[in-house]
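Asks: sequence and predicted model, in that order:
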Amino acid sequence: MSALPKRIIKETERLMAEPVPGISAVPHEDNLRYFDVTIHGPTQSPYEGGVFKLELFLPDDYPMTPPKIRFLTKIYHPNIDKLGRNWSPALQIRTILLSIQALLGAPNPDDPLAPEVAKRWKDDEQAAIATAKEWTRLHAMT
Amino acid sequence: MSFAEPEGRPAKKRRFFEEKSNLLDASLTSSASLPDEIDAFPGTSSTDAYDGNQYSIKKEDPESLDSFQDDFTRDIKPLSGFDKQTFESFIGDKVSSDILGRLREACGSDIERAVNMYFDGSWRNFKKEKIGNSSSTGVMSVNAFTKSLPIVEKNNTATKRSETEVFADITPALRDSMPEHRYIGAFGVGGWATTSGTNLIKHGEVVRIDRQKIQPMRTPISKGRGRTAVNQPPPKANTAAGKRVDVIVRFTNSKGSEIGRLPRETANWVSTLMDQKVCRFEGTCVYAPERIRTNDTIFLQLRCSLLRTAFDNAGFSMPDNRATGMFEEKETSEEKELRLRQVALVKLFDEVNLLPSKTSATTAKHKREGLLQAAEVAEQYERSKAKDVKVESKEVVSLSPPSEEAEDGKELEQDQLDALYKKAQSFDFNAPAAEPAATFAMDLRQYQKQALHWMMSKEKDEKNSDREVSMHPLWEEYAWPIRDMDDKDLPGVRGQDSLYVNPYSGELSLRFPVQEQNCLGGILADEMGLGKTIEMMSLIHSHKSDVWQNMVNPTAVTASVNNLPRLPVNSGNVESAPCTTLVVAPMSLLAQWQSEAENASKDGTLKSMVYYGNEKNADLQALCCEKNAASAPNVIITSYGVILSEFNKVAANGGNRAAHGGLFSLKYFRVILDEAHHIKNRQSKTARACYEIDAEHRWVLTGTPIVNRLEDLFSLVRFLRVEPWSNFSFWKTFITVPFESKDFMRALDVVQTVLEPLVLRRTKDMKTPAGEALVPLPLKTINIVDIELSQPEREVYDHIFTRAKRNLAANMEAGTVMKAYTSIFAQILRLRQSCCHPILTRNQNLVADEEDAAVVADAASGMADDMDLQSLIERFTAETDDSADANAFGAHVLEQIRDEAENECPICAEEPMIEQTVTGCWHSACKKCLLDYINHQTDKNEIPRCFSCCEVLNTRDIFEVVRDDGHPDSKITLQRLGSNSSAKVGALLTSLKTLRNEKPRTKTVVFSQFTSFLSLIEPALTRAAIPFLRLDGTMAQKARTAVLKDFSASKKGVVLLLSLRAGGVGLNLTMAKRVYMMDPWWSFAVEAQAIDRVHRMGQTDEVLVSRFIVKDSIEEKMLKIQDRKKFIASSLGMMSDEEKKLQRIEDIKELLS
């Protein structure tokens, strides 16, 4: 593997030095492009109390291409399936994790990534929120 | 005009002078021995003028002749002692009675002594008697001239004074065993008749060769110009006449009547040899017409024998200290005689075709013709100086047409100096090395050990007596002929198989001239920085005098009383200082020498002392004398100023060296002059003071043994006391005069002969045979930077490439490759240019190296009016043209952009940004990041958007931020990206800007073989506010020097644009740390040489070299060819032109594959 670009080093250092409240991102020792991420569910959201595990991988042409992020913890959310749209190289790991956290607090069914979840959210928001809470309790609380 | 006529042979066409000639002949016949020189007899009363031609023959005044004219008819009064017959049979010659008389007076009855005196000329010292009248009616004998030659006497005195063994006189035994004359060879000559008649001379008849000298004028009668007054007798009584040289050599038949004369070119030197008692000539008529008319040619064979007397005056040894005369310009009569003799001898050996059996290797280069030239030049030199006085100087003997007159330009041109140094510094890397003594505290590099070995061997040379005795380099050995011209055996002389000739001085010797090594030191001329001081310190430690050595290792424990330090009893003398080396250095270096002396020595092994200022109170003699050896300082360091002031004191004290107790009161074991060019002016007081320093071993250290005159070297040689060169006359004759008369090569050759054994010089540039530098250089890294052509560039390239390929294919099919060679090659050139910059291919205003030929070839191949290419280039130009005024943006925007610049790049996080570039929406990023991102998007067929705001980008509206660092308020301008710039220029700028950020003030050299490309790089550098200088072949030397000076002096990170050809050789650019090779050359050696301008001795930092090579282009293929090194072979001249072409065609095929 080629040497780690300055940008990744700097981002990692900053994530360690000034962590974002409710978010942690720790690179793997054997692969510094691979991060274990945890996001705490925002308060007053269906995900409150849940700790969601994600994996984040920086591809070789990062930041030209966005990082690859996947939820390891099952989550019921209209916008979360995969990320990657509207990426620009000016974004960073920190910013993308913050936007995920923000999405948890404000699901946006109008810009769905998981169409079925989004449909349910639109049709019966209460039921959807209940399912989300249930999933959070089942999967995101140990 | 008329004066010359009797000397030279009249031209054949002048037959109408026959009457007159007959008249002349008649008079000559009637008194055959009359001198026909007419101008040297002032006061003669009987002068016959011939036909108003100012030619006159005089009956000589007996009074005026008595000292030089032989007289054979005079009766000899029987005196006591030996008789005339016996004496004459001894000397094989006739002797005038007055000489005989004087000999008798001097020697009594001792005939042997008389013979010796006769031959060595010392009988003249006994001249007392006023010699009586003599009438000249007898037949002149060949060697019967007795004119008192100043040279003979002078040389005899010189011999007595001679200190040099080589020039010492022949041992009597050797000389006595030599016959009075000995055959050396024969040659043919066509004489011309001065008489007419029938049966005057026949084939096989023996002819006498006569010589009659005019008498030097003693009392000029008339100071006026006798010439102008036609009727005024004697006509030649002006001062010029006295300078005339009589060289007439006539030959007479057996009856004693003059038949004719030798041609002038022969007579010139034959006369000298006869006059100077070097040679005798016996003639035989080979052919003469039955009826001889005046001016007919008579062929003679001359048999030459060297006279024993020739070996007598073996003394070319000038007094060692010609205190006042040393610098005089004029050639003395003594020197002139010597020169004539030298020329004559060389001519003789040339004519008789006798080649040396042994010459010194060092002087083998000095061809005899060259020697003659040197001597002639000396003459012309003298003449041109005296020209205004000597109206008739044209008549002075000259063996060749006069060459250019000497000019005053004494200074050496740089290239001459280079040539000289190049010769002087041929250093043998396999030279033996010596390990320094254990007391020496430092480590030596290999070449320094070699220097130590060389210096030790120079110092110990004297003791090394078993070394083969070698011949003095200025001498040549000749074998005596064993058969004469008729192939008859000649009698040999036991123990005398050879004779020795010094063709430089005209000396002859029977004894082997031993080369005497009398200089136990030399010139250490290593270039600055190679460690001369350390080398010298190692010598001080490693070669000690016996006294010092014994003191350190007291093997013999003798009675201590004798070793007790005692003050010198006799303080009136110069005392030996066997343990002391005197170092003379410029004042500023005294401290450095002292610290070097300490650092180089293990504790307590060496005592050093600076003799300057207060220290001068010490009584050096008491301190350093042998008795005080144990506590004497081993190194005394002093300045040139101190030397001079002490020299003045000693001089004021009447030359009493000891009284002062100072520097001059000692004879040192060794003296070292540091920065010895301080004494380059031999007339300066400092130089003279240094000459007087007494020491066993003498060394000079200097990086520039010759600053700008050959005389600079003389002063060093004089200090070193290298015989015979330390004699200024000798130096002048063989070096200064030839040099000043434009015979540079000769002079430089001789200088090399002088230098070779004396000088050790290494330069920083020298490489060992293994290619390693003497002093290891810092690292050099060469990177090949791949360049990707932009789309429009690629289109231009492809267009030319296709065309060239088609052209080649067509020619190959038609078998006309060789014919179309030039045009194909021109197309290759176009391809290479288009890799650099598409505009280059059409830029005819700016002449590149191969451009002219290419333009012609373009016309032939149709590229000149290639519309497609034209449009492609136009497109390139349009896309890169910076028509918009990028700086018409609001000050606010610019300010913001400027402030932003210190931030990190949003893409790569570099801080500050590398080549900050802004989008049309004013978002900044590194240029590379932005361009990469744009490419990333276009590759995915997406519309490029801003990395930050995702606005759609207009790729034309991307600007590079240019900061002018020189500007106080760091003003910025915006530069539209890619303006008139090619991929290579872009890459160069990127690299330069990165360098400016990372290592500001790093100097850079940019090489291109296309000067027109350099011209395109210039505006790009200007726009980027990168300071630059330019040096190419079109610039005058002065301008180049100025550029290099600026480059060296600049405190900024200047870029030097250098054409490969102009900058490939010689330049020292070690102030630069980066090199960019903009385009490859056929042979990497050429590029490597250019790189070595920066990566050479003196470079202190790592050197990074970037070679820009366009990917997938002819340049990549050129690299492959470079690897095969075929072009190296062709460029080394190992192939014929045709072979080269064939080879190149092969390469071209590969290039266009």
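Replies: Happy to help now that I have it.
Asks: B:Val346 contacts B:Leu508, correct?
Replies: No. Contact between B:Val346 and B:Leu508 fails when scored by CB atoms under 8 Å: they sit 11.9 Å apart. All C-beta atoms are positioned from the backbone trio N, CA, C, and that covers glycine.
Asks: what segments of chain A are strands?
Replies: A:23-27, A:34-40, A:51-57, A:68-71 (DSSP state E).
Asks: worst average pLDDT in the ones you listed?
Replies: Here the lowest mean pLDDT among those goes to strand A:68-71, at a mean of 86.
Asks: partner strands of it and their direction?
Replies: Applying DSSP bridges to the sheet, strand A:68-71 is found paired with strand A:51-57 (antiparallel).
Asks: which residues are in contact with the partner strand?
Replies: Strand A:51-57 has contacts (CB atoms under 8 Å, 6 or more residues apart in numbering or on different chains) with A:25, A:33-41, A:67-73, A:75, A:93, A:97, A:100, A:104, A:140-142.
Asks: just the buried residues of the longest helix along chain B, please?
Replies: For chain B, the helix with the greatest residue count under DSSP state H is helix B:791-814. Within helix B:791-814, the residues that count as buried by 16 or more other CB atoms under 10 Å in any protein chain shown are B:792-797, B:799-801, B:803-805, B:807-808, B:811.
Asks: go through those residues and name the one nearest chain A.
Replies: Nearest to chain A out of the buried residues of helix B:791-814 is B:Arg794 (CB to the nearest CB; 23.3 Å).
Asks: before we move on, the earlier item: which is the succeeding secondary structure element to the longest helix of chain B?
Replies: The first helix or strand that comes after helix B:791-814 along the chain, using DSSP states H and E, is helix B:821-836.
Asks: residues in the stretch 351-500 of chain B within reach of chain A, list them.
Replies: Proximity of the stretch 351-500 of chain B to chain A, by CB under 8 Å from any CB of the partner chain, involves no residues.
Asks: and the residue of the stretch 351-500 of chain B closest to chain A?
Replies: Residue of the stretch 351-500 of chain B nearest chain A, by CB to the nearest CB: B:Arg445 (39.1 Å).
Asks: so where's the stretch 351-500 of chain B shaky on pLDDT?
Replies: B:359-427, B:461-474 (pLDDT under 70).
Asks: what pLDDT, on average, does the helix or strand where B:Gln752 lies get?
Replies: Following DSSP H and E, one finds B:Gln752 within helix B:744-755. On average, the pLDDT along helix B:744-755 is 72.
Asks: how far away is B:Phe1108 from B:Arg996?
Replies: 18 Å (CB to CB, to the nearest Å).
Asks: neighbour count for those two, which is higher?
Replies: A direct count of neighbours by other CB atoms under 10 Å in any protein chain shown for B:Phe1108 and B:Arg996 places B:Phe1108 higher, at 25 against 20.
Asks: where in the stretch 851-1000 of chain B is pLDDT low?
Replies: Along the stretch 851-1000 of chain B, the parts satisfying pLDDT under 70 run over B:851-895, B:898-902, B:963-972, B:977-980.
Asks: ranges for the strands of it?
Replies: B:916-918, B:924-926, B:959-963, B:972-976 (DSSP state E, counting those that start in this stretch).
Asks: out of those strands, flag the one nearest A:Glu48.
Replies: strand B:924-926 (39.0 Å; CB to CB).
Asks: so who does B:Pro944 touch?
Replies: Shown in contact with B:Pro944 (CB under 8 Å, 6+ apart): B:Tyr933, B:Ile934, B:Gln937, B:Thr938, B:Val952, B:Leu953, B:Thr955.
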